[in-house]
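>>> Give me a 3D structure for the following:
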Amino acid sequence: MARMTKADIIESVYEKVGGFSKKEAAEIVETVFNVVKETLERGEKIKISGFGNFVVRDKKDRMGRDTQRSEPILIPARRVLTFKPSQVLKNILNGLPPV
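Residues are numbered from 1 along each chain as shown. Below you'll find the predicted structure:
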């Protein structure tokens, strides 16, 4: 399965937008990623119209089981990132016309 890397994103921005050097395109992409990371780190939601929502959720402590020793263990609280695609993105992925 093919995958897209940050370098591929920078290259795509450089080719599609034009008027920027590769270094400037890299700075723009890096800035966007940093803004997204900083926003999520603060626990704020990110909504990108036509793409989807990124939400940080707090998970509480919970009991789990050590499968090797069959002993209960405490799984500590943590923060998880969830992504919910928009209906537009879902339709595009399924070959349907965007809403």
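>>> tell me the helices in the protein, going along the chain?
For the chain, applying DSSP state H gives helices covering 6-17, 22-41, 87-93.
>>> what's the closest of those helices to residue 50?
For the helices of the chain, the distance to residue 50 is smallest for helix 87-93, at 4.6 Å, taking CB to CB. C-beta: built from backbone N, CA, C; applies to glycine.
>>> Would you mind listing the outside residues contacting the closest one?
Helix 87-93 is contacted from outside by 50-52, 85, 97-99, using CB atoms under 8 Å, 6 or more residues apart in numbering.
>>> before we move on, back to that, and residue 76, which of the helices of the chain is closest to it?
helix 22-41 (18.7 Å).
>>> In strands only, show me the contacts of helix 87-93.
Among these, DSSP state E puts 52, 85 in strands.
>>> which of the contacts of helix 87-93 has the most neighbours?
When neighbours are taken as other CB atoms under 10 Å, the top entry among the contacts of helix 87-93 is residue 52 (17 neighbours).
>>> Reformat the helices of the chain into JSON lines and put mean pLDDT, distance to residue 62 and mean neighbour count next to each item.
JSON lines is the format used below for the helices of the chain (pLDDT from 0 to 100; distance: least, CB to CB, whole Å; neighbours: other CB atoms under 10 Å):
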{"stretch": "helix 6-17", "mean pLDDT": "94", "distance to residue 62": "34", "mean neighbour count": "13"}
{"stretch": "helix 22-41", "mean pLDDT": "96", "distance to residue 62": "23", "mean neighbour count": "13"}
{"stretch": "helix 87-93", "mean pLDDT": "94", "distance to residue 62": "30", "mean neighbour count": "14"}
